[in-house]
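**Student:** This is a predicted model, with the sequence first.
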Amino acid sequence: MGEKAIESFRSCIPLFQAMGDLARQDIILLLAEHDELTVNEITEHSVLSRPAISHHLKVLRDSEFVTVKQIGTQRYYSLSLDAAVEQLKNLIHTVETNC
C-alpha cells in the first residue's frame, strides 16, 4: 500500500471516530434539518444531558463537522460538511488510484 494511501487513511481517523458514535450521528442529522441550533435546543431533541451534548459538539467541531458562532451569550452550532466531505473524497480517490 502506498504512503499516500496510508496518510489519507490516518488523516481521516478523526472523521471516522466522530461519525462512529450514534449520538453524534443524531446531532449531525438534527443540524442537517436546521440552519443552526444552541446546545439547549439540541439537548431538547436528545435523551443526553447538556454536558454530554457539549462533549459531542466539541468532537464534531474538532473534526470540522460543525461550526459555532457566538451571539451574546449564546453559541449557535451549524453543520459544516465541506472539509469533511473533501477529506473523504480524497481518501476514496487515493484508495481507487493506489490500492
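**Tutor:** Done, it's in. Numbers count the residues shown, from 1 in each chain.

**Student:** contacts, neighbours, all on C-alpha from now
**Tutor:** OK.

**Student:** Same question for the helix or strand hosting Gln70: list its buried residues.
**Tutor:** In the assignment (DSSP states H and E), Gln70 maps to strand 66-71. By 16 or more other CA atoms under 10 Å, the buried positions in strand 66-71 come out as Val66, Thr67, Val68.

**Student:** hang on, the last one packs against Gln74?
**Tutor:** No - the pair Val68 / Gln74 is not scored as a contact, 9.9 Å apart, by CA atoms under 8 Å.

**Student:** In the protein, where is pLDDT below threshold?
**Tutor:** 1 (pLDDT under 70).

**Student:** all helices of it, in order?
**Tutor:** Using DSSP state H, the helices found in the chain span residues 3-11, 13-19, 22-33, 39-44, 50-62, 82-98.

**Student:** could those go into JSON lines alongside mean neighbour count?
**Tutor:** Written out in JSON lines, the entries for the helices of the chain read as follows (neighbours: other CA atoms under 10 Å):
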{"stretch": "helix 3-11", "mean neighbour count": "14"}
{"stretch": "helix 13-19", "mean neighbour count": "16"}
{"stretch": "helix 22-33", "mean neighbour count": "16"}
{"stretch": "helix 39-44", "mean neighbour count": "16"}
{"stretch": "helix 50-62", "mean neighbour count": "17"}
{"stretch": "helix 82-98", "mean neighbour count": "14"}
